[in-house]
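*Asks:* fold the stuff below for me.
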Amino acid sequence: MSLFSRTLSVPSTFHRMCNSPLFSYSLNSQFPSVKELLSNDSIDDSAMHPVARDVLRVCLVYFCRVSEVLSLTVSDEIYPDRVLCTGSKGGRAYILFLPGLSSLISSFRGLPPKTRLFPISYSKCYRSCVRAGIKLSLPGSVNYRRMHAGRYRVYDMFLQGCKSDSLSDILHHNSKASLLYYLNKWREPYG
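*Replies:* Next up, the predicted model:
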């Protein structure tokens, strides 16, 4: 009997490409930049991780929560180029239009249904927002609103005469009372 035992090992097969972070939906230039959407030239879009930048752009265009966009998977696709986004915090489900999504998914044959459209973590998105200089100060709060800054911008729409019923629908709230949270907290942006 030997002190050293020999084992034969066989190299494991590579993971399929669709299980790697190589699959990611990208907006390219089809949506406005973060700086344009927040009307703030001091924001440095190029400092953001590309996937985080796309997540934030989707959230700013559709006023949705970052966590809702991060949870989107291939199985949420509705042909052509739409996804069913499940509302969080008691919100309603809604549809997002993501140009080019269906052709991207069809070009990756055999994608597992749980493949995420935006393979990035919430914390990495947050760090990207900090690097880009996104910050919204609210009265009485020591924390900046970074990833949900767009949701607080509904106050601008309210001042321009948009009805509170419409704003509540835009934010995907079941209760119109939850809109008051954003309207009461908002102050001058980027203070």
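*Asks:* and Arg57, how many residues sit next to it?
*Replies:* 22 (other C-beta atoms under 10 Å). Glycine gets a C-beta too; all of them are placed from N, C-alpha and C.
*Asks:* same thing with Leu101?
*Replies:* By other C-beta under 10 Å, neighbour count at Leu101 equals 24.
*Asks:* which ones are touching it?
*Replies:* Tyr25, Glu77, Asp81, Arg82, Val83, Leu117 (C-beta atoms under 8 Å, 6 or more residues apart in numbering).
*Asks:* make JSON lines out of these and add secondary structure and neighbour count.
*Replies:* Shown next, in JSON lines, are the contacts of Leu101 (DSSP: H, G, I helix; E, B strand; the rest coil; neighbours: other C-beta atoms under 10 Å):
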{"residue": "Tyr25", "secondary structure": "coil", "neighbour count": "21"}
{"residue": "Glu77", "secondary structure": "strand", "neighbour count": "21"}
{"residue": "Asp81", "secondary structure": "coil", "neighbour count": "16"}
{"residue": "Arg82", "secondary structure": "strand", "neighbour count": "16"}
{"residue": "Val83", "secondary structure": "strand", "neighbour count": "23"}
{"residue": "Leu117", "secondary structure": "coil", "neighbour count": "25"}
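*Asks:* closest one of these to Pro32?
*Replies:* The closest of the contacts of Leu101 to Pro32 turns out to be Tyr25 (C-beta to C-beta; 16.9 Å).
*Asks:* which pLDDT value goes with the residue nearest to the closest one when sequence neighbours are not counted?
*Replies:* Residue nearest to Tyr25 in three dimensions, not counting chain neighbours: Leu117, with 4.5 Å by C-beta to C-beta, 6 or more residues apart in numbering. Here, the pLDDT recorded for Leu117 equals 94.
*Asks:* same check, this time on Leu111
*Replies:* At Leu111, pLDDT is 87.
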